[in-house]
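mind folding the following:
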Amino acid sequence: MNRVRVKVCGITRAEDVRAAIAVGVDVLGFNLAAGPRRLACDQAAALARLVPPSLGVVALVMDQDLEPTLDLVARLRATAVQLHGDEPPELAEALARRVPVIKAFRIRAAADLHAALAYPADALLFDAWVATVAGGSGCSWDHRLLQGLTIDRPWILAGGIRPENAAEAVATLRPWAIDVASGVEEDGRPGCKCPQRLAALMAAVEEGSCRISR
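Numbering: from 1, shown residues only. A predicted model of the protein is given here:
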């Protein structure tokens, strides 16, 4: 059984890096863009150094030019960069020559998904559309929009994923990976992950992945 991959984003503390590693998370994401989980590059680089080479490190950026983005990737030794703004396709293509590119899209209608499929990224991340924030809101979106859609590359399900609904989401939608931020955090503390919720999430993803393979 191949378990669906798990990416935990918005890591802000060393203890959360260790907790994520302990439960078997596949990828850790560091927010260098905006919001309450945003880190300065030096902070993110220090935390990224705690991640073993066997796991992925994603640098999340928004509307940055090519060279500054590549500098952040190098300083974090990131295995991928996640674009979370209005980056033009030309920038993604230039970045992809140096590092795998994940492009995040906020979804509120089928047209948003179709636009995503035309974007030149190595993987696509589908998140909820919330007017006031670019991600990490904890809000879900209408997964029925995925019905009948052929996705030609790895895709990541985000937006309101938490231990309580992860098994069903994984089994029903069969994403390549899930992305979680607020769903594994301590109540009212953005960026502060809860070890018990991280463990519960991994158990739920295991359950959902087993249901796929039956």
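
going forward, measure contacts between C-alpha atoms and count neighbours the same way
OK.

where does the chain have low pLDDT?
Scanning the chain with the threshold set as pLDDT under 70 gives 1, 130-138.

mind jotting down where the strands sit in it?
Per DSSP state E, the chain carries strands over the ranges 5-9, 27-31, 56-61, 80-83, 101-107, 123-128, 155-157, 177-180.

same list (those) but as CSV, adding mean neighbour count and distance to K193.
CSV is the format used below for the strands of the chain (neighbours: other CA atoms under 10 Å; distance: least, CA to CA, whole Å):
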stretch, mean neighbour count, distance to K193
strand 5-9, 23, 9
strand 27-31, 25, 12
strand 56-61, 25, 17
strand 80-83, 24, 20
strand 101-107, 24, 22
strand 123-128, 24, 20
strand 155-157, 22, 19
strand 177-180, 24, 10
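
nearest to G191, out of these?
Closest approach to G191 among the strands of the chain is made by strand 5-9 (8.7 Å; CA to CA).

any idea how far the closest one is from the chain center?
Here strand 5-9 is found 6 Å from its chain centre; the criterion is CA atoms, centre = their mean, to the nearest Å.

tilt between it and strand 56-61?
With axes from the mean of the first three to the mean of the last three CA atoms, to 10 degrees as the basis, strand 5-9 and strand 56-61 are set at 40 degrees to each other.

need the helices for the protein, in chain order.
14-23, 41-48, 66-76, 89-96, 110-117, 166-173, 195-213 (DSSP state H).

can I get those in TSV with mean neighbour count and distance to A158?
Output for the helices of the chain, formatted as TSV (neighbours: other CA under 10 Å; distance: least, CA to CA, whole Å):
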stretch	mean neighbour count	distance to A158
helix 14-23	18	17
helix 41-48	18	21
helix 66-76	16	22
helix 89-96	16	20
helix 110-117	14	13
helix 166-173	20	10
helix 195-213	19	13
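
of these, which is nearest S54?
The minimum distance between S54 and the helices of the chain falls on helix 14-23, with 10.2 Å, by CA to CA.

with just CA atoms, put that closest one into PDB.
In PDB, the C-alpha atoms belonging to helix 14-23 read as follows (Å, rounded to 0.1, in the frame of the first residue of the first chain):
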ATOM      1  CA  ALA A  14      12.100  23.500  16.200                       C
ATOM      2  CA  GLU A  15       9.900  21.300  18.300                       C
ATOM      3  CA  ASP A  16       7.300  21.100  15.500                       C
ATOM      4  CA  VAL A  17      10.000  20.000  13.000                       C
ATOM      5  CA  ARG A  18      10.900  17.200  15.400                       C
ATOM      6  CA  ALA A  19       7.300  16.200  16.000                       C
ATOM      7  CA  ALA A  20       6.500  16.100  12.300                       C
ATOM      8  CA  ILE A  21       9.600  14.000  11.600                       C
ATOM      9  CA  ALA A  22       8.700  11.600  14.500                       C
ATOM     10  CA  VAL A  23       5.200  10.800  13.100                       C
END
